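> The sequence isn't on hand, but the structure is:
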């Protein structure tokens, strides 16, 4: 029943009475939806890449403070045990960075698969237009 309702909705939306016109409209809608999904994924990749850059900056600052404790002591008061806190913080942010890097790699793979899927859909629409 859902398929019939979807077909009727497509027929109404397209304003066409011929099945070929309705199907053409449906295929075009699928391509538009896939393009919007692709755009969303691309934006998410940019967001995660920005987060990686931010985490890299935090890690570099923490490592600098740890490696140059005397300079860090000029800027802030250090207590005994702060070196351990710095090491723990560095490890924590590196774990987060590792997770985000893996997420970005997976998103890029998904983006690549989505691009191939979009290309296939566009080819199908082009073939359908030729009929």
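Yes, it's here. These numbers were taken from a predicted model, which means no experiment stands behind them. Numbering: from 1, shown residues only.

> ok now do residue 30, which residues does it touch?
Taking Cβ atoms under 8 Å, 6 or more residues apart in numbering as the contact definition, residue 30 lies against residue 121. From N, CA and C alone the C-beta is placed, and that goes for glycine too.

> Look up how far residue 117 lies from it.
As for residue 30, its distance to residue 117 is 10 Å (criterion: Cβ to Cβ, to the nearest Å).

> Give the rounded mean pLDDT of stretch 64-80.
Within the predicted structure, the mean pLDDT of stretch 64-80 is 64.

> can you start the count at 51 instead of 1 from here on
Happy to do that; since the first residue is 51 now, the last one works out to stretch 114-130.

> Could you find the closest non-adjacent residue to residue 78?
Excluding its sequence neighbours, the residue lying closest to residue 78 (Cβ to Cβ, 6 or more residues apart in numbering) is residue 175, at 6.2 Å.

> per-residue pLDDT, that neighbour?
pLDDT for residue 175: 78.

> in the chain, which spans are helices?
Under the criterion DSSP state H, the chain carries helices at the ranges 52-64, 69-117, 119-125, 132-180.
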